[in-house]
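In: take this sequence and fold it.
(chains A and B)
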Amino acid sequence: MIEPERGAGLTAMHEGTYAVEVDKLSKRYGEVEAVKEVSFTVEHGEVFAFLGPNGAGKTTTIRMLCTLTQPTGGRALIDGYDVSARPREVRQRIGLVFQEQTLDQQLTAEENLRFHAVLYGVAKAEVNARIDRALRMVQLSERRSDLVSTFSGGMARRLEIARGMLHTPAVLFLDEPTIGLDPQTRALMWEDVLRLRKEEGVTIFLTTHYMEEAEYADRIAIIDQGRIVALDTSEALKRTIGADTVELATGDDDLAAKNLAEAGFNVKRGDDEVVAFVENGEAQVASIIAAAGTPIRTVKVHRPTLEDVFLHYTGRQIREGQGGGPIPPHFMHFARRR
Amino acid sequence: MSATKTNVTQAQPQHHLAATSDLRTIGMVWRRELIRFTRTRTRILTSFVQPILFLFVLGYGMASLVGTTGGFDFKKFVFPGIVAMTVVTTAIFSAISIVWDREFGFLREMLVAPVSRGALVIGKTLGGASVATVQGTIMLALAPLIGVHLTPLLVLEVIGLEMLMASALTAFGVFVASRIQRMEGFQVVMQLVLFPMIFLSGALFPLNGIPGWLAVITRINPLTYAVDPLRHVVFAAQDMPTAAAARFATGVTIFSYTVPMFLEIVIVLAFLVVFLGLAIVGFAKKD
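Out: Numbering: from 1, shown residues only, chains lettered A, B, ... in the order given. You can find the predicted model right below:
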């Protein structure tokens, strides 16, 4: 059993630094500005989510923070180290779980971890204990000697998380960690992640376009078209748009949106509905219907969701497969699953 | 932010023991190659099929066309070339598995780690070279069947030359792999580079008495200088009639200058160093 080195010693050294500190970070590809002067900080031990549609600049940002992509403007510090000037120190302090699987299918779970331990300079005397502990944390101890090619998608993902934690990083980056996983596996993975945060004090930085997943985060940055449009806790974000959300399906959404806006409502046009953000939904339904000026098919009154928050800030909805950004070729996913 | 990090206990091993950590990395990447090699038995078997086929086709089929052999079986002439061919193809195949790693994502795990690209490339090259040397050496088991006489010294010499040849070719393959994004690209490389290199290296036919333009190409081909020493040491251990020794003379001649064996080895070493360097540069780029 090893005592995690973070704890007393590391806490002291963290003093005065953020886990992640980003100042006007930008990335330009030719004419396209993928990330535009993004600034934020993440505290040690925080779970921080980047929420946005595909192509919003989430992956580009994470790649810059992980030293994989050179920023074209601004700067970013990981645990006090500049990603451009001190990439090796940064890499030493981060764990990475990519969107795509990055395990060697022809090696066993244990061999994959051992390989990683050497790459990250884990002291020889500690390697075995760390592998035991990492496998136990993601409940894969029984499968340690099995080839990764026999693992399900969810198991492979959990093994990747264990691997990302093997060298006790300060920040664990998860890029769309549950893409392609079923809800049950997703929940299981999050149990693992939150346990890691509790026991190891690791900072979690994740990107996602799933609302439910962002809810796990202490704070959420909503990113759209390369910019952070809102950043706060889930509760605070929802509070900013009002106490209730009234969703209308109408015969003419454009007309309804226009009329409601003229009547002074904070209203946004969704894909198949008109959404009004109000203080007291039940009491105002009648006046909203009256103001819409077009036949109403259905009315839903509910507490605001992150989906509503996103719509409020961007005027668009996040739906899977939307966003118009570059989506990785699908055959890659098939190939990987074999 | 002015946080200085000199007191970070976690970081210190990397600075003090960078060389040790590089050596560990090289060892680990090398071990992975061997583990993967022993797990893909079909690959081991199929990689023998082609050379044995060539040995039969050329050794039996071509022997009658070659004409005067001075009482020396053409199979014995081809044999060292077939060993070289086995080494070269295995080396390239091992190196090119990087493209596979790229498609299956594992390359990322390696490239994002806080280790030098040099350590990764050297580990991969040594791994591929070891696998290729093992394959080539297993081919020696065929020697008694076709009457090639083996001595312990010869086996050692062959292994040494195989290692050199395998390292050079793996480094070359790793460099090519650093430039290739997809597996389809690999097919192109095989057709346009690997096969011509093997066929024009003197592995499969004698380099003396060929048309001038072909002679020029074979002298430019670096593989020529890897194949010739191998054949030289094998022939030196055989009991060859004078006529055969003249017909199948070893040594590469350029304008009647015969390149000595040590120079041939230097040429192959230079090839190795150049492509090792290019491969490291190839993987050091980021967008």
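
In: so what does residue A:106 look like in phi/psi?
Out: Backbone torsions for residue A:106, taken as degrees, to the nearest 10, come to phi -90, psi 0.

In: low-confidence ranges, chain B, go.
Out: By pLDDT under 70, the low-scoring segments of chain B are B:1-18, B:63-71, B:247, B:285-287.

In: which parts of it are helices?
Out: Using DSSP state H, the helices of chain B run over B:12-16, B:18-39, B:41-56, B:63-66, B:74-104, B:106-111, B:117-139, B:152-179, B:183-189, B:195-199, B:212-220, B:224-236, B:242-247, B:261-284.

In: present the ones you listed as JSON lines; the columns should include distance to chain A and mean neighbour count.
Out: Where you see a C-beta, it was placed from the backbone N, CA and C, and this is true even at glycine. Shown next, in JSON lines, are the helices of chain B (distance: least, CB to the nearest CB, whole Å; neighbours: other CB atoms under 10 Å in any protein chain shown):
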{"stretch": "helix B:12-16", "distance to chain A": "6", "mean neighbour count": "13"}
{"stretch": "helix B:18-39", "distance to chain A": "4", "mean neighbour count": "18"}
{"stretch": "helix B:41-56", "distance to chain A": "11", "mean neighbour count": "14"}
{"stretch": "helix B:63-66", "distance to chain A": "41", "mean neighbour count": "12"}
{"stretch": "helix B:74-104", "distance to chain A": "6", "mean neighbour count": "24"}
{"stretch": "helix B:106-111", "distance to chain A": "4", "mean neighbour count": "21"}
{"stretch": "helix B:117-139", "distance to chain A": "9", "mean neighbour count": "24"}
{"stretch": "helix B:152-179", "distance to chain A": "16", "mean neighbour count": "23"}
{"stretch": "helix B:183-189", "distance to chain A": "10", "mean neighbour count": "14"}
{"stretch": "helix B:195-199", "distance to chain A": "27", "mean neighbour count": "16"}
{"stretch": "helix B:212-220", "distance to chain A": "38", "mean neighbour count": "13"}
{"stretch": "helix B:224-236", "distance to chain A": "30", "mean neighbour count": "23"}
{"stretch": "helix B:242-247", "distance to chain A": "46", "mean neighbour count": "14"}
{"stretch": "helix B:261-284", "distance to chain A": "11", "mean neighbour count": "18"}
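
In: which of these sits closest to residue A:224?
Out: Closest of the helices of chain B to residue A:224 is helix B:106-111, at 26.8 Å (criterion: CB to CB).

In: of the helices of chain B, which is nearest residue A:191?
Out: For residue A:191, the closest of the helices of chain B is helix B:106-111, at 24.1 Å, according to CB to CB.

In: which residues of the stretch 51-200 of chain A lie near chain B?
Out: Applying CB under 8 Å from any CB of the partner chain, we find that the stretch 51-200 of chain A lies next to chain B at A:66-70, A:77, A:80-81, A:88-89, A:91-93, A:96, A:98, A:100-107, A:111, A:114-116, A:118-121, A:123, A:163, A:168.

In: quick one: which of those residues sit in strands?
Out: Secondary structure of these is defined by DSSP state E; positions in strands are A:77, A:81, A:96.

In: could you dump the residues you listed to a markdown table with neighbour count and distance to residue B:255?
Out: Output for these, formatted as a markdown table (neighbours: other CB atoms under 10 Å in any protein chain shown; distance: CB to CB, whole Å):
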| residue | neighbour count | distance to residue B:255 |
| --- | --- | --- |
| A:77 | 23 | 63 |
| A:81 | 26 | 59 |
| A:96 | 24 | 57 |
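
In: in CSV, list the helices of chain B along with distance to residue A:312.
Out: Shown next, in CSV, are the helices of chain B (distance: least, CB to CB, whole Å):
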stretch, distance to residue A:312
helix B:12-16, 46
helix B:18-39, 49
helix B:41-56, 57
helix B:63-66, 82
helix B:74-104, 41
helix B:106-111, 36
helix B:117-139, 46
helix B:152-179, 47
helix B:183-189, 46
helix B:195-199, 62
helix B:212-220, 68
helix B:224-236, 68
helix B:242-247, 87
helix B:261-284, 45
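
In: out of those helices, the one nearest residue A:292 is which?
Out: helix B:106-111 (51.2 Å).

In: helices or strands up against that closest one?
Out: If you count contacts as 3 or more CB pairs under 8 Å, 6 or more residues apart in numbering or on different chains; DSSP states H and E, helix B:106-111 packs onto helix A:109-119, helix B:74-104, helix B:117-139.

In: save these as a markdown table, and put in distance to residue A:229 too.
Out: Shown next, in a markdown table, are those (distance: least, CB to CB, whole Å):
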| stretch | distance to residue A:229 |
| --- | --- |
| helix A:109-119 | 36 |
| helix B:74-104 | 35 |
| helix B:117-139 | 38 |
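
In: out of the ones you listed, which is closest to residue B:203?
Out: With CB to CB, the closest approach to residue B:203 among the helices and strands packed on helix B:106-111 belongs to helix B:74-104: 3.3 Å.

In: quick check on the residues of the stretch 51-200 of chain A next to chain B: which are buried?
Out: A:66-69, A:77, A:80-81, A:88-89, A:91-93, A:96, A:98, A:100-107, A:111, A:114-116, A:118-121, A:163, A:168 (16 or more other CB atoms under 10 Å in any protein chain shown).

In: now do stretch B:148-156: distance from first to last residue.
Out: End-to-end distance for stretch B:148-156, by CA to CA, to the nearest Å: 15 Å.

In: list the contacts for the residue lying closest to residue A:130 once chain neighbours are set aside?
Out: Using CB to CB, 6 or more residues apart in numbering or on different chains and skipping the chain neighbours, the partner closest in space to residue A:130 is residue A:166 (5.6 Å). When contacts are counted by CB atoms under 8 Å, 6 or more residues apart in numbering or on different chains, residue A:166 touches A:95, A:113, A:116, A:117, A:120, A:122, A:130, A:131, A:134.

In: quick check: closest non-adjacent residue to the fourth one.
Out: When you say that, I think you mean residue A:117. Nearest to residue A:117 is residue A:127, by CB to CB, 6+ apart, at 4.7 Å.
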